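just need the structure, nothing else, for what follows:
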Amino acid sequence: MLQITRQFFQKGNAYTLPDPLPRRPGIILAVMLLAMSSGLVDAVVYMRHGHVFAYAMTGNLVLLGVAFASYNLHSILSHLAPVLGFACGVFIGKSLLRKFRPFALHLTLLLQIATLTLAGAFASRIPADLLVVCLAVSGAVIITVIRRAGEVAFNVTFMTGNLRAVFEGAFDTLWPSHATTHLTLGKQQFLIVGLTVIGFLGGAAIGSLSLQRLSDHTFWIADLLLIVAGWLIRRVQASEENS
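Residues are numbered from 1 along each chain as shown. The predicted model follows:
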């Protein structure tokens, strides 16, 4: 009975876990651009829309705990809203993988592009909490559907795990426990996840600098980064299909 139950859940996970992207230079660049877009959005939201994060749920949980401690109801709701939006986004991402698997990646990118386009146009005209929730939903969908290149796992919005992976990759590169295989995987992890972290950091800096001049239209820079990333992913996929 236990074996049957285990097989059932393993089969269910197979339907809702995303397929890894090919480990190609174009994909690595696309992942970096996705992380750059995420860093930019989080910087703009934090600086201009209520000092909350659209994607960095660790930061929101810390601020939520502080709000609980100070009995600040408005702050509690402001930091709880993106967490709930994030949960909805994960559910949507898993549903896309289960019901529309062949199109899940492209639908995810289209959802994020549409959300950022609307954010750039209407962010100043809608409540900040609604804006953050919408961004949290679309961001959660992305990290649910796009999270692996070959054998290397990454996250384009949460950097704590990425930093751990970078230093693990550096350790495995410098002191591999097995010969070629472990050394190669360590180098790939160090490169791919390291560029993800650099992209996120660069995006936050770009968002901060652009905000003074472009205001909420800065979201459109993140949009452009997403469009280029989507084009790179599609180009690599087409090459894989033709080869």
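
how close does residue 93 sit to residue 28?
Separation of residue 93 from residue 28 (C-beta to C-beta, to the nearest Å): 22 Å. Backbone N, C-alpha and C define where each C-beta goes, glycine included.

work out the gap between the helix or strand harbouring residue 92 and the centre of the chain.
Assigning secondary structure by DSSP states H and E places residue 92 in helix 73-99. Relative to the mean C-alpha coordinate of its chain, helix 73-99 is positioned 13 Å out (C-alpha atoms, centre = their mean, to the nearest Å).

for stretch 192-208, list every residue counted as buried.
Buried residues in stretch 192-208, counted by 16 or more other C-beta atoms under 10 Å: 192-197, 199-200, 202-204, 206-208.

output it as CSV, nothing but the C-alphas.
The C-alpha trace of stretch 192-208 is given here as CSV (Å, rounded to 0.1, in the frame of the first residue of the first chain):
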residue,chain,number,x,y,z
ILE,A,192,24.5,29.8,-14.1
VAL,A,193,23.4,30.7,-10.5
GLY,A,194,26.2,33.2,-10.1
LEU,A,195,25.0,35.1,-13.2
THR,A,196,21.5,34.9,-11.9
VAL,A,197,22.6,36.7,-8.7
ILE,A,198,24.5,39.3,-10.7
GLY,A,199,21.5,39.8,-12.9
PHE,A,200,19.2,40.4,-9.9
LEU,A,201,21.7,42.8,-8.3
GLY,A,202,22.1,44.7,-11.6
GLY,A,203,18.4,44.9,-12.1
ALA,A,204,17.9,46.4,-8.6
ALA,A,205,20.5,49.0,-9.4
ILE,A,206,18.9,49.8,-12.8
GLY,A,207,15.5,50.1,-11.2
SER,A,208,16.8,52.4,-8.5
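
now what about that stretch, what contacts it?
23, 28, 31-44, 47, 149, 152, 154-157, 159, 162-163, 165-166, 169, 218, 221-222, 225 (C-beta atoms under 8 Å, 6 or more residues apart in numbering).

and the helices in this protein?
Applying DSSP state H to the chain gives helices spanning 2-16, 25-48, 57-69, 73-99, 104-122, 128-145, 159-174, 180-214, 219-242.

want to throw these into TSV with mean pLDDT?
TSV is the format used below for these (pLDDT from 0 to 100):
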stretch	mean pLDDT
helix 2-16	49
helix 25-48	96
helix 57-69	93
helix 73-99	95
helix 104-122	96
helix 128-145	96
helix 159-174	90
helix 180-214	89
helix 219-242	94
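
re earlier: just the buried ones from the contacts of stretch 192-208, in PyMOL syntax?
The PyMOL selection below is limited to those of these classed as buried (16+ other C-beta under 10 Å):
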select buried, resi 23+28+31+32+33+34+35+36+37+38+39+40+41+42+43+44+149+152+154+155+156+157+159+162+165+166+169+218+221+222+225
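
helices or strands up against the helix holding residue 92?
With contacts defined as 3 or more C-beta pairs under 8 Å, 6 or more residues apart in numbering; DSSP states H and E, helix 73-99 has these neighbours: helix 2-16, helix 57-69, helix 104-122, helix 128-145.
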